[in-house]
Each structure stands twice: as C-alpha cells, then as structure tokens.
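J.: Got a predicted structure here, sequence first:
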Amino acid sequence: MTTSERGSHDYDLIVIGAGAVGENVADYAARRGARVAIVESELVGGECSYWACMPSKALLRSGHALRAARRVAGAHEAISGGIDASAVLARRTSFTSDWDDSGQAEWVASAGIDLIRGRARLVGRGLVQVGDRTCSARAVALATGSVPTLPDIPGLADAAPWGTREATSADHVPARLVVIGGGVSGVELAFAFSSLGARVTLLARGGLLRREEPFVGDLVAAALREEGVDVRDGATPTRVERGDDGIVSIELEDGGRLEAEELLVATGRRPALDDLGLEDVGVGTDLGVDDTMLVAGTDWLYVVGDANGRALLTHQGKYQARAAGEAIAARLDGSPVADAPWGQHVATADHGAVPRVVFSDPEVAAVGLTEAQAREAGMEVRAVEHDIGKVAGASLHADGYTGRAKLVVDEQRQVVVGATFVGQDVAELLHAATIAVVGEVPIDRLWHAVPAYPTISEVWLRLLDAYGRPS
Ligand SMILES: Cc1cc2nc3c(=O)[nH]c(=O)nc-3n(C[C@H](O)[C@H](O)[C@H](O)COP(=O)(O)OP(=O)(O)OC[C@H]3O[C@@H](n4cnc5c(N)ncnc54)[C@H](O)[C@@H]3O)c2cc1C
Ligand SMILES: NC(=O)c1ccc[n+]([C@@H]2O[C@H](COP(=O)([O-])OP(=O)(O)OC[C@H]3O[C@@H](n4cnc5c(N)ncnc54)[C@H](O)[C@@H]3O)[C@@H](O)[C@H]2O)c1
C-alpha cells in the first residue's frame, strides 16, 4: 500500500461489529499491514462470548459430566448428590467474564486495531458514521451478526418471553420452562435447564433438528424424554399471556394449555442488516456475497459471519473472516487474490463441508451433506449406517452406550460427502470426518486410516465394512 493511497482515508478497513467474526477480519487484515478500526455497539466479543456458545455450553457441561459418571459402574456408586445449579450458573458467569469485555478490548488494542464504541451506519462509499463522528476507509466489512426472529403468535411479544440471551444469562432456574422451537438452541437449552432442575416442555412444530439426518431427531427426542423433558412433536402455540402473578400461559392449537414461570422462544435468527444504511449506498439488505465475502456489485463492501446468512456458526464465520481479512488486505495492496475454489482467500467449505455440533446428550456431530441434501444436489450417493454402541471403545466409554453413525458417499467420485454421528462425546470424532470431506479422501485410501483400539473412532471401520472395499 502506498502512502498516497492510504493518505486520503482515515483507515484502510473499518469493520462494523466486534464479535468473533469481526475481530478475525480485523486481525487478519491488520497482520497484513492494513490500518484497521473496528466498531462495536455492545460488548467486544459479541454473541458467542456472552450470550451464545460459551454460556450455553457452560450451562450444559456439568449435567453431561454427571450423566457420564452415572453411566459407568463403579463411578455411578460414588455419586451421592444431584447437580448444584448455583455452582453451574457461577461457572457459566465466569466464562462470560461477568459480561465484562475489558479483556477482549485489551486484545483489540494489542493487535494494533482502533476500537470505536457506538452504533455504526454507512453514509456513503467507505464512509462510516458513529454518533457525530464520520470515518472513511478504503474497504468496509459488516460483521454485525444475526438477530432472533419472533413468531407472530398473539400475545407473545407482550408476555416478555425469554430469548436465547435471557436464557444463557439467567440468574436463576425457573421451576417450569416452556421452549418454542426444536432447532439447535431449543434442544440445547431444553437439555441445560432440565439438567439444572426445571420442568421443561419443548414445543417442536416440525420435529427436532430437522435439517439433520432423520435418525438424529429421533435419538435426541428419546434422550430428552428420558431426561424428563416433555417433547411435543407438532405442537403449535396459538396464544400466549403472562398473568399478574408472572405465570405465562400458552394455548395450543390442539386445545391444550401449558403454564410456566418462563417461556423461551428459539425459533431461528436472521442477518442483522437493519439500519445500517445499506439502501443509502445502493446495496439494500437482500445482498449476495462471493466466496471472498465481497458484496455483489461493489468493490469495497464485505459481509462476513452470521450477517451474510451462509452458516450461522462461530467457527464457520471465523473461517470466512480469515479468508476475507486476507483478501481485503491483498486487494488493498494490489497483491493477487487466490479466489479459485479452496484458495487462500475464499470460504469454499461453506458450500458442502460445514461441521456442526449440537451439544445435547447424546451429542450430534455432522459435516457436509445429509443423504437427502446430496440427492437434492443431483449426486448419485450411497449411504451406510452403523450402531456406535457395538464398537468396543463405545461400550467401554459408557455402559449401555447408544448411538448411530452414517456416511454418505458420492458413488461417482468415491468420496465421503457427508457424515453424521450421534452419541455421547462424539463431537471430537467430527474433525476426522471434516478432513475426509474437505480432502476428498478416496474410500480406498480411507481403509488405510486406522483408528486406534479401543476408541469410538473404530466406527469408521464398521462404516467402511458396510460400504464395501472398492476393488
Ligand atoms: C444460544 C446460541 C448458542 C450458540 N452456540 C454455538 C456453538 O456452540 N458453536 C457455534 O459455532 N455457534 C454457536 N452459535 C452461533 C454463534 O453464536 C454465531 O454464529 C456467532 O456469534 C456469529 O458471530 P458474528 O461475529 O458473525 O456475530 P455476533 O457474535 O452476533 O457479533 C456481531 C457484533 O456486531 C455488533 N453490531 C451489530 N450491529 C452493529 C452496528 N450497527 N454498529 C456496531 N456494532 C454492531 C453486535 O453488537 C455484536 O457484538 C450459537 C448461537 C446461539 C443463539
Ligand atoms: N451448537 C451450535 O453450534 C449452535 C447452538 C445454538 C445455535 N446455533 C446456531 O444458531 C442458529 C439459530 O438457532 P435456532 O435454534 O434459533 O434456529 P434453528 O433455525 O436451528 O431452529 C429454529 C427452529 O424453530 C422452529 N420454528 C420456526 N418458527 C417457528 C414457530 N413459529 N413456531 C414453532 N417453531 C418454529 C423451526 O422449525 C426450527 O426447528 C442456528 O442456525 C445455529 O446455526 C448453533
């Protein structure tokens, strides 16, 4: 970058939103020599650190550990008490640094990035307004995240329902909790609050975790029910009201009625693109990005992470951020941009190699395409399944281990395009599958990837057996 190019702008890059994704865009561009500012209206670290991944996993972990010990004879007998909910809430709070972002703000400064506090808005090409200050930059990246959607159910908004923020930052465990939404957040938080002692009812309009393989929802629903959660498939709330006594009542389409101290709405999220001035810069909110996260029709505006709606996951957003941060820096200093598939500056994996984990018990770990998605994409596939409980490593891991694994194989290329594991502690199995999918490792080579004995990973051998060895 020449001094004259830099000179007419306050910054090379302004990132709007300092969640995990915005921090990474800023960091990767700054490391390549760009002068970067990042704007944040709430807490540096964003949703994941304070109201999503970290606190929700902290709320879940103690219950998982307790159940894991109960499943092993010898350890089971040593457990004499139940869960200590206040200790779990305190541990959760420590993971959010008590909702104090000074540590993350210090990191921003140490990375040589200017932090601007306030709500940002685009007021022209490369012009960002925060309060009464307007800064200019050669490129702008929006990493503004996503916001929850609220279904249009009469009375719902007035009943002050919990969203995922209120649930993950709760300072007490309600005696009864009704959850609307059978997606990832609904399932995880139903597990968490049930483990903490709440009587939980989960209303799943279209079943649980419907975007995954069909056996996933069945196994998770069975486990939730065993945990004491009342899982209602196909239940649709028609009216909600919170009485003067604070109790929320929920009327259901089938004429039923539920009461609870709290109602959690977890019915999905949409990109946070409102009030950013996108219309004023001629883009609008219905925008598309290429694989470097550059907005179509522009050469200066990028949208990264939840805000672009490609994959609402921290790890995938950070992956996009690494690609985009380096692509922005390369374009600014006139270096070549490696934008061919799987190049340094593109997020190719977004299209068919996204790893996902649901931290329920059993865990759900999946990568790539489900069998149905692969067929919809026009692939000729063959899928194989195996009962994880029959693997020696699993039976040692927990008495009565139940779980299921599935591989989806592209018959033409003889490579794995999707893998799903359901079972206790399967999350750590996922990266092997991700490598197989991203690396397009041929099935005949996978036979040479030997899982250690006796580990749960030996399920790979059984899956390969079920598929048959290509001759
Ligand atoms: C309950 C829950 C649990 C989850 N658990 C996991 C998990 O275990 N693993 C996982 O991978 N993903 C998980 N996710 C998803 C994950 O939280 C998101 O994918 C991730 O936070 C997206 O990061 P981001 O940086 O794109 O957005 P965010 O983290 O939302 O950050 C956006 C930031 O932009 C700021 N901002 C917005 N507009 C402006 C503006 N105009 N001016 C200035 N600042 C602005 C916001 O204040 C915010 O800090 C979970 C989500 C939820 C709801
Ligand atoms: N472990 C993780 O990685 C993790 C955990 C939580 C959330 N997340 C991310 O956050 C995103 C948002 O999570 P989420 O669970 O809110 O969304 P989701 O899209 O995963 O699930 C929303 C659920 O709500 C249901 N629903 C929608 N409208 C409804 C209505 N009117 N009435 C009843 N049910 C309705 C849907 O059928 C779906 O089952 C997810 O896409 C996921 O990527 C990730």
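T.: Thanks, I have the structure now. Ligands and ions are numbered 1, 2, ... in the order given.

J.: what's the neighbour count on residue 452?
T.: 8 (other CB atoms under 10 Å). All C-beta spots, glycine's among them, are computed from the backbone N, C-alpha and C.

J.: Sorry, wrong one. I was asking about residue 73.
T.: The burial count for residue 73: 8, using other CB under 10 Å.

J.: again, but for residue 230
T.: 16.

J.: Where does pLDDT dip in this protein?
T.: Where the chain drops to pLDDT under 70, the residues are 1-7.

J.: Find the closest residue to ligand 2 in it.
T.: residue 183 (1.8 Å; CB to the nearest ligand atom).

J.: Give me the neighbour count for that residue.
T.: As a measure of burial, residue 183 has 18 neighbours, counting by other CB under 10 Å.

J.: got the contact list for whichever residue of the stretch 101-250 of the chain sits closest to ligand 1?
T.: The stretch 101-250 of the chain approaches ligand 1 most closely through residue 145 (2.2 Å), counting by CB to the nearest ligand atom. Contacts for residue 145 (CB atoms under 8 Å, 6 or more residues apart in numbering) come out as 17, 19, 21, 46, 47, 271, 272, 305, 306, 307.

J.: Distance-wise, check it relative to residue 122.
T.: Relative to residue 122, residue 145 is positioned 16 Å away (CB to CB, to the nearest Å).

J.: re the thing from before, settle this for me: the residue of the chain closest to ligand 2 is touching residue 269, isn't it.
T.: No: counting by CB atoms under 8 Å, residue 183 sits too far from residue 269 to count as a contact (9.5 Å).

J.: Identify the residue spatially nearest to residue 349, adjacent ones excluded.
T.: Spatial nearest neighbour of residue 349, excluding adjacent residues (CB to CB, 6 or more residues apart in numbering): residue 438 at 6.0 Å.

J.: cool, and residue 377?
T.: residue 369 (6.7 Å).

J.: Report the contact partners of that neighbour.
T.: Taking CB under 8 Å, 6+ apart, one finds 352, 377, 379, 408, 417, 418 in contact with residue 369.

J.: now swap in residue 8 and tell me
T.: With the criterion set at CB under 8 Å, 6+ apart, residue 8 makes contact with residue 136.

J.: Find the centremost residue of the chain, please.
T.: residue 313 (3.1 Å; CA atoms, centre = their mean).

J.: Against residue 26, how distant is it?
T.: Residue 313 sits 20 Å away from residue 26, going by CB to CB.

J.: now swap in residue 402 and tell me
T.: Residue 402 is 44 Å from residue 26, by CB to CB.

J.: more neighbours, these two?
T.: Using other CB under 10 Å, the more surrounded residue of residue 402 and residue 26 is residue 26, with 30 against 16.

J.: So residue 24: helix, strand or coil?
T.: helix (DSSP: H, G, I helix; E, B strand; the rest coil).

J.: Tabulate the contacts of residue 145 in TSV, adding columns for neighbour count and distance to ligand 2.
T.: Listed next are these as TSV, based on neighbours: other CB atoms under 10 Å; distance: CB to the nearest ligand atom, whole Å:
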residue	neighbour count	distance to ligand 2
17	30	16
19	32	13
21	33	13
46	28	13
47	27	9
271	20	11
272	20	13
305	37	11
306	30	8
307	29	13
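
J.: What is the most widely separated pair among those?
T.: 46 and 271 (13.9 Å; CB to CB).

J.: can you count the residues close to the nearest residue to residue 253 once chain neighbours are set aside?
T.: Counting by CB to CB, 6+ apart, residue 253 lies nearest to residue 236, which is 4.3 Å off, once chain neighbours are set aside. Residues near residue 236, counting by other CB under 10 Å, number 14.

J.: residues contacting residue 236?
T.: 203, 205, 252, 253.

J.: What subset of those is buried?
T.: Among these, those classed as buried by 16 or more other CB atoms under 10 Å are 203, 205.

J.: Just put the contacts of residue 236 in CSV and tack on distance to ligand 1.
T.: Shown next, in CSV, are the contacts of residue 236 (distance: CB to the nearest ligand atom, whole Å):
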residue, distance to ligand 1
203, 17
205, 18
252, 24
253, 26
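
J.: Out of the contacts of residue 236, list just those in strands.
T.: 203, 252 (DSSP state E).

J.: between the contacts of residue 236, which is nearest residue 164?
T.: Distances from residue 164 to the contacts of residue 236, taken by CB to CB, are shortest for residue 203, at 15.6 Å.

J.: got a list of what the closest residue to the closest one other than its chain neighbours touches?
T.: Of all residues not flanking residue 203 in the chain, residue 235 sits nearest, at 4.4 Å (CB to CB, 6+ apart). Neighbouring residues of residue 235 by CB under 8 Å, 6+ apart: 203, 204, 205, 252, 253, 254, 256.

J.: List, out of these, those positioned next to ligand 2.
T.: Here is what survives when the contacts of residue 235 are matched to ligand 2 using CB under 6 Å from any ligand atom: residue 205.

J.: Tell me which residues touch residue 69, please.
T.: For residue 69, the contact set (CB under 8 Å, 6+ apart) comprises 75, 76, 78, 79.

J.: ok so it is a strand residue?
T.: No: remark: residue 69 does not belong to a strand; assigned using three-state DSSP, it is helix.

J.: Count the neighbours of residue 85 for me.
T.: Close neighbours of residue 85, defined as other CB under 10 Å, add up to 18.

J.: How about it: what's its closest non-neighbour residue?
T.: That would be residue 196: by CB to CB, 6+ apart, it lies 4.5 Å from residue 85.

J.: Now do the same contact list for that neighbour.
T.: Contacts of residue 196 by CB under 8 Å, 6+ apart are 59, 63, 83, 85, 88, 89, 173.

J.: By neighbours, which of those residues wins?
T.: Of the contacts of residue 196, with other CB under 10 Å as the count, residue 59 tops at 27 neighbours.

J.: Checking my notes, it in a helix, right?
T.: Yes: looking at residue 59 with three-state DSSP, it is inside a helix.

J.: thought it was touching residue 192?
T.: Yes: taking CB under 8 Å as the definition, residue 59 is a contact partner of residue 192 at 4.0 Å.

J.: Now residue 268. Nearest residue, chain neighbours left out?
T.: Per CB to CB, 6+ apart, closest to residue 268 is residue 149, 5.0 Å.

J.: Count the residues that sit near the one you found.
T.: Neighbour tally, residue 149, other CB under 10 Å: 14.

J.: now swap in residue 301 and tell me
T.: 23.

J.: Excluding sequence neighbours, find me the nearest residue to it.
T.: Using CB to CB, 6+ apart and skipping the chain neighbours, the partner closest in space to residue 301 is residue 295 (4.4 Å).

J.: For that neighbour, list each beta-bridge partner.
T.: residue 289 (DSSP bridges).

J.: got the contact list for it?
T.: Counted by CB under 8 Å, 6+ apart, residue 295 has contacts 283, 287, 288, 289, 301, 302, 303.

J.: mind running it again at 10 Å?
T.: Residue 295 makes contacts with 140-142, 278, 281, 283, 287-289, 301-303, 308, as judged by CB atoms under 10 Å, 6 or more residues apart in numbering.

J.: try residue 290
T.: So residue 290 contacts 296, 302, 327, 339, 346, 347 (CB under 10 Å, 6+ apart).
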